[in-house]
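Chemist: Structure for the following, please:
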Amino acid sequence: MGSTASAKNGTWRNWGGNVSARPAREAAPASVDELADAVRRAAEDGLRVKAVGAGHSFTSIAATDGLLIRPDLLTGIRNIDRENMTVTVEAGTPLKRLNVALAREGLSLANMGDIMEQTVSGATSTGTHGTGRDSASIAAQITALELVTADGSVLTCSAGENAEIFAAARIGLGALGVVSALTFRVEPLFLLTAREEPMPFGKVLADFDELWTENEHFEFYWFPHTERCHTKRNNRSAGPEQPVGRVGAWIEDEFLSNGVWQVANLVGRAVPATVPAIAKAAGHAWSARTYTDIPYKVFTTPRRVRFVEMEYAVPRTAVTEVLRELRTAIDRSDLRVSFPVEVRTAPADDITLSTASDRDSAYVAVHMFKGTPYRAYFTAAERIFTAHEGRPHWGKVHTRDAEYFARLYPRFGEFTELRDRLDPERRFQNDYLRRVLGA
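Modeler: Numbers count the residues shown, from 1 in each chain. From the prediction side, this is the model:
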């Protein structure tokens, strides 16, 4: 994936190309003091304020016609505390840069998502996650954060200081203020052994509970119109380190997963009738492999083929039924789906608006190649997800509103009350937040 959203002629666009905005002005503060000053000046001028990261959200969560804050200069590590095993980083630091820097220090996050192009604040504010039986989202690894609120105040929040704000702001949607720094829990650098192999759809569903129970990190991709799944099991390893060879990595992760995949999707978009054949070929292109490496080289992969995505968290115990219903819906329709369906898991956490808040969850993500009509597919999928009390990823396409979320999140009212207190004039409001949180 590309690392930044685009901005031409004063128009900001997200990575997926499905959201654009024309801010009245932009700011790129280089310190928390400059950030607080930018927020205060925006308030004086009657402008709304939104901070944007790398633009990897498919919703308009970062769009604004007021002040757009870019985090390009708010990057780098502030402090590494080896006694408490934490690292404090500026909010605009790309995850990729953080992962590399931590590895050099012999440290690592416990879990991470499958890409690392986002900024740390953008990824956590929208609830970005990986997959894990016991280890949760990136936001769940936050131990403290620094927040600039609507009046320009700078708050330090943790379990022991401003605890109510900390509980919500770890996944704050940009509604409570602008995050300027984050402190993450880290651990000594470790090795993961990844075992990737194909498996039939029916067997994955039949054995899902066993696969989830026996592996620290389990995920799989199902190719619609086929019986083919590609599974990945990541578990901690004593070594030795045995990374994928350069040639093998280039063939699998660049040539096939990006180059050939881009061409295949261009063909599928132009001639939809070819999509089932493309899906079958793609399902067979990924071969079995086992390798051992440091965490970020196992958890993450390069993704350069652009797409639009919807993802919902459903109760973990409901995921196999959700997938059966999704398969039936696709098979009984004239939908042509070239991208695989991605399935991951997360344990329950205590973050107010986390999609895994207070319940063990499974994530089902559906994608369509950029430029391909996606609404019919996403509508059919969303109907299934919501029937199982699904919670949409805050940064991915969905149509839910505040009334829906008030039913699905036990502490939704706590979040909106906190927002009323921290941002009574809705300085950080935009159309998306108005829909999902209410006025």
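Chemist: Would you check how far apart the spatially closest residue to residue 71 that is not a sequence neighbour and residue 47 are?
Modeler: Distances taken as C-beta to C-beta, 6 or more residues apart in numbering put residue 92 closest to residue 71, at 2.5 Å, once the chain neighbours are dropped. For every residue, glycine as well, the C-beta is placed using N, CA and C. Distance of residue 92 to residue 47, given as C-beta to C-beta, to the nearest Å: 20 Å.
Chemist: wait, what's in contact with the residue positioned nearest the centre of the chain?
Modeler: With distances taken as C-alpha atoms, centre = their mean, residue 128 lies nearest the centre of the chain, 3.0 Å away. Residue 128 sits next to 113, 118, 137, 138, 139, 395 when contact means C-beta atoms under 8 Å, 6 or more residues apart in numbering.
Chemist: let's go with 10 Å and repeat that
Modeler: Taking C-beta atoms under 10 Å, 6 or more residues apart in numbering, we find residue 128 in contact with 56-57, 95, 112-116, 118, 120, 122, 137-139, 171, 393-395.
Chemist: Please apply the same query to residue 167.
Modeler: 157, 159, 350, 351, 352, 353, 357, 411, 414, 415, 418.
Chemist: dump the residue contacts of the fifth one.
Modeler: With contact taken as C-beta under 10 Å, 6+ apart, residue 352 is in contact with 164, 166-172, 358, 409-415, 418.
Chemist: how about 6 Å then?
Modeler: Each residue near residue 352 by C-beta atoms under 6 Å, 6 or more residues apart in numbering is listed here: 167, 168, 411, 415.
Chemist: now the last one
Modeler: Contacts of residue 418 were listed using C-beta under 6 Å, 6+ apart, and they are residue 168.
Chemist: try 8 Å this time
Modeler: 164, 165, 168, 176.
Chemist: Buried among these? Make that a PyMOL selection.
Modeler: Buried residues within these, by 16 or more other C-beta atoms under 10 Å, are selected in PyMOL with:
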select buried, resi 165+168+176
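Chemist: if we can go back for a sec, can I get the buried part of the contacts of residue 167 as one PyMOL selection?
Modeler: To isolate the buried ones among the contacts of residue 167 in PyMOL, judged by 16+ other C-beta under 10 Å, type:
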select buried, resi 157+351+352+353+357+411+415+418
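Chemist: Which member of the contacts of residue 167 is positioned nearest residue 202?
Modeler: Using C-beta to C-beta, residue 357 comes nearest to residue 202 of the contacts of residue 167, at 31.8 Å.
Chemist: For the closest residue to that closest one other than its chain neighbours, give me the pLDDT.
Modeler: With sequence-adjacent residues excluded and distances taken as C-beta to C-beta, 6+ apart, residue 357 is closest to residue 351, at 5.8 Å. The model reports residue 351 with a pLDDT of 98.
Chemist: thinking residue 351 is in contact with residue 139, fair?
Modeler: Yes. Under the criterion of C-beta atoms under 8 Å, residue 351 makes contact with residue 139 at 5.9 Å.
Chemist: list residues touching both of those two?
Modeler: Jointly contacting residue 351 and residue 139 under the rule C-beta under 8 Å, 6+ apart are 170, 171.
Chemist: Quickly note the distance from the residue nearest to the centre of the chain to residue 137.
Modeler: 7 Å.
Chemist: what's residue 392 in contact with, if anything?
Modeler: 310, 311, 312, 313, 355, 382, 385, 398, 400.
Chemist: picking that back up, more crowded one of residue 92 and residue 47?
Modeler: Using other C-beta atoms under 10 Å as the criterion, residue 92 and residue 47 rank with residue 92 on top: 28 against 19.
Chemist: is it fair to say the more buried one lies in a strand?
Modeler: No. Per DSSP: H, G, I helix; E, B strand; the rest coil, residue 92 lies outside any strand segment and is coil.
Chemist: residues in contact with it?
Modeler: For residue 92, the contact set (C-beta under 8 Å, 6+ apart) comprises 53, 70, 71, 72, 73, 74, 75, 119, 120, 121.
Chemist: Phi, psi for residue 313 please.
Modeler: Per-residue torsions, residue 313: phi -90, psi 120 (degrees, to the nearest 10).
Chemist: That'll do, ta.
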